[in-house]
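S.K.: got a predicted structure plus its sequence, pasted below:
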Amino acid sequence: MCLMINDQSDSIEASENILEILEKSCSKFVILNQFQKIPVINISSKLGFYLKLVLVWLNIIYLLLFSIFIVFQVNDFFSQKVFQIINFMWLIELIFNFNSQIQHEMEIITSRRKEFLIYFKKKLIFDLVPWILNSEIEHPSSTLLLQVFQFVKLFNINHDLKYVELQLCMRMKKHYLIQLINLMFALFFIDHIIA
C-alpha cells in the first residue's frame, strides 16, 4: 500500500533509527564519552567571539596568501610552513565548530547531536574538503584544479564573517563604522580578484 501512494514516512523513521544506532555505537567509545563532559562553547561570549574573529582573519589572510602562491607558483620553505600551520589551524577550527553552539533559524542549539547534524548538513563539506586538499598540496604533484577547490572555504568564511559583523554591531553601537570598514574590505577583495 505504501508503494502505491508513495508514502515515505517509514524511510524517515528508518533514517532516525540509523542516527540512534550510530549514537549508541559511538557512546561505547570512552573518548567520545569524555568529549560529552566538555562544555559547549558559547559563541556569543567574549571568548567564543574572539576565537571566531581570530579564525576568520587567519582564514582570510591564508586565502590571500594562497592566491598569491597559486598565481606565482610558489613552492618554497615559507609556503610549506604556511600549509602546515593552516592544516593545524583548520583542525582546531573543526574541533571548535563541533564544540560550539549553533544559531539555526533564530534558535540557539546546544545539543551536541543537533549541532553535529546541522553542521554536517550545512558546513562540514566546506571545511573538510579544503583541509584534505591542503594536506595534499604539500606534494608538488597536486594539480591547479585541486588547489583551487580550497576556495570553497569561502562559503563558511562568508557565513562566519556575517556573524562577526552582527556581533560587532551589537557590541559597538556604531553601525556606520562597521559597514564602512566592511565596504573597504569588499573593495580590497574585489581589487585583489581583478589583479
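M.R.: All right, it came through fine. On a predicted model such as this, the values are computed, not experimentally measured, just so you know.
S.K.: just checking, what packs against the one helix or strand I157 maps to?
M.R.: Per DSSP states H and E, I157 falls inside helix 153-172. On a contact count with 3 or more CB pairs under 8 Å, 6 or more residues apart in numbering; DSSP states H and E, helix 153-172 meets helix 46-72, helix 124-137, helix 175-194. The way it works is simple: take the backbone N, C-alpha and C, and place the C-beta from them, glycine included.
S.K.: how about the shortest one as CSV, C-alpha atoms only?
M.R.: Right, helix 124-137. Listed next in CSV are the C-alpha coordinates belonging to helix 124-137 (Å, rounded to 0.1, in the frame of the first residue of the first chain):
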residue,chain,number,x,y,z
LEU,A,124,31.2,20.3,7.2
ILE,A,125,31.9,19.7,3.5
PHE,A,126,33.2,23.3,3.1
ASP,A,127,35.6,22.8,6.0
LEU,A,128,36.6,19.2,5.3
VAL,A,129,37.4,19.4,1.6
PRO,A,130,39.9,22.3,1.9
TRP,A,131,41.6,20.7,4.9
ILE,A,132,42.0,17.4,3.0
LEU,A,133,43.2,19.2,-0.2
ASN,A,134,45.6,21.3,1.8
SER,A,135,47.2,18.1,3.2
GLU,A,136,47.7,17.0,-0.4
ILE,A,137,49.2,20.3,-1.5
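S.K.: keeping just the C-alphas, turn the helix or strand just after it into PDB.
M.R.: Heading C-terminal from helix 124-137, the first helix or strand you meet, by DSSP H and E, is helix 144-148. The C-alpha trace of helix 144-148 is given here as PDB (Å, rounded to 0.1, in the frame of the first residue of the first chain):
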ATOM      1  CA  LEU A 144      46.000  23.500 -10.000                       C
ATOM      2  CA  LEU A 145      42.300  22.400 -10.100                       C
ATOM      3  CA  LEU A 146      42.700  20.700  -6.700                       C
ATOM      4  CA  GLN A 147      44.300  23.700  -5.300                       C
ATOM      5  CA  VAL A 148      41.500  26.000  -6.500                       C
END
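S.K.: list of residues touching helix 144-148?
M.R.: With contacts defined as CB atoms under 8 Å, 6 or more residues apart in numbering, helix 144-148 is touched by F66, I70, L133, E136, I137.
S.K.: please redo it, this time with the cut-off set to 6 Å
M.R.: With CB atoms under 6 Å, 6 or more residues apart in numbering as the test, helix 144-148 has contacts from I70, L133.
S.K.: got the contact list for I109?
M.R.: Contacts of I109 by CB under 6 Å, 6+ apart are I102, E115.
S.K.: and it, what pLDDT?
M.R.: pLDDT for I109: 81.
S.K.: gap between it and F66?
M.R.: I109 sits 32 Å away from F66, going by CB to CB, to the nearest Å.
S.K.: residues near the closest residue in space to L168 that isn't next to it in sequence, how many?
M.R.: Nearest in space to L168, with sequence neighbours left out and distances taken as CB to CB, 6 or more residues apart in numbering, is I178 at 5.2 Å. Residues lying near I178 (other CB atoms under 10 Å) number 17.
S.K.: cool, thanks, talk later.
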